[in-house]
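>>> Build the 3D model from these lines:
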Amino acid sequence: MSIPRRAWVEQIMGMPISVQVRGPLARGPAAEAAVARVFAALRAADAVFSTYLPDSDISRLARGELTLEDCHPDVAEVADLCEQARSRTGGWFDAALVRQTVLTAGIDGIAFTKLDVLDGFDSIKICTGYRLDGREIGHLPASQAAQARLEPVYEDIEGWKTSTHGVRTWQQLPAAAEKYVRRVEELINCPVALLSTSPERDDTILVQNPFQS
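All right, here's what the predicted structure looks like:
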């Protein structure tokens, strides 16, 4: 006997978002209402954080039309978290934190955006863990006091001198860029499904179809 299921798809954040519900209540009004709330939350996040919508808080902030105080409170919260991450890792990719997130959230593919900002570096650092009071650890501690004492542990990866800006196929990437992406996958225990090479939406490489197992 097959398990009842229903799928919904909406175009949000510039891409199709699919939600599937399985079980005896999949075709009932409760499931439909729950999925509607999911899509509403995603649309609300897009209205605030989209870099493509001209009237989003982020777009208006970038143009100087809003101050951080004028934006939705979530923008200030995310900005503060970004600053904490930058202070903790020097702005380099934090593989330890992403690995922890992948494990706890059950993520099976990530979108790695704007690879092109790394063009031109002789060496690229990846934060692989932290040093806390002289002891190396591989996770972000829950305590804010402990987080404030962390020192990043870096691994150096060879950079590339060739531009990746606007590249749309994996084959066009420099060998060193491919090596960097594969090393990130190893460190976070999760594949890179989408790879972008500019702020433009079309400059995206589908490395692995996230809808295929």
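>>> how about the longest helix seen in the chain: buried residues?
Across the chain, the longest stretch assigned as helix under DSSP state H is helix 29-49. Using 16 or more other CB atoms under 10 Å as the test for burial, helix 29-49 gives 31, 35, 46, 48, 49. Heads up, the C-betas are built off the backbone N, CA and C, glycines and all.
>>> so who does the second one touch?
Counting by CB atoms under 8 Å, 6 or more residues apart in numbering, residue 35 touches 8, 19, 21.
>>> Swap in 10 Å and give it another go.
By CB atoms under 10 Å, 6 or more residues apart in numbering, the contact set of residue 35 is 6, 7, 8, 10, 19, 20, 21, 26.
>>> Residue 54 now?
Per CB under 10 Å, 6+ apart, neighbours of residue 54: 60, 63.
>>> again, but for residue 183
Here residue 183 is in contact with 95, 124, 126, 128, 155, 157 (criterion: CB under 10 Å, 6+ apart).
>>> So it: helix, strand or coil?
Secondary structure assignment for residue 183 (DSSP: H, G, I helix; E, B strand; the rest coil): helix.
>>> From residue 38, how far off is it?
Distance of residue 183 to residue 38, computed by CB to CB, to the nearest Å: 34 Å.
>>> before we move on, what about residue 200?
Distance from residue 200 to residue 38, by CB to CB: 28 Å.
>>> and what of residue 12?
10 Å.
>>> Now the least confident helix or strand in the chain by mean pLDDT: buried residues?
Lowest by mean pLDDT, DSSP states H and E among the helices and strands of the chain is strand 15-22, with a mean of 86. Residues of strand 15-22 classed as buried: 19, 21 (neighbour count, 16+ other CB under 10 Å).
>>> Show me what that strand is packed against.
strand 5-12, helix 29-49 (3 or more CB pairs under 10 Å, 6 or more residues apart in numbering; DSSP states H and E).
>>> C-terminal to the last one, which secondary structure element comes first?
Next along the chain after helix 29-49, taking DSSP states H and E as the criterion, comes helix 57-62.
>>> list the contacts for the residue nearest to the spatial centre of the chain?
The centre of the chain sits closest to residue 111, judged by CA atoms, centre = their mean, with a distance of 5.5 Å. If a contact means CB under 10 Å, 6+ apart, then residue 111 has 15, 192, 193, 194, 195, 196, 204, 207, 210 as its contacts.
>>> quick one, phi psi at the residue nearest to residue 120 when sequence neighbours are not counted?
Distances taken as CB to CB, 6 or more residues apart in numbering put residue 161 closest to residue 120, at 6.5 Å, once the chain neighbours are dropped. Dihedral pair for residue 161: phi -100, psi -10, per degrees, to the nearest 10.
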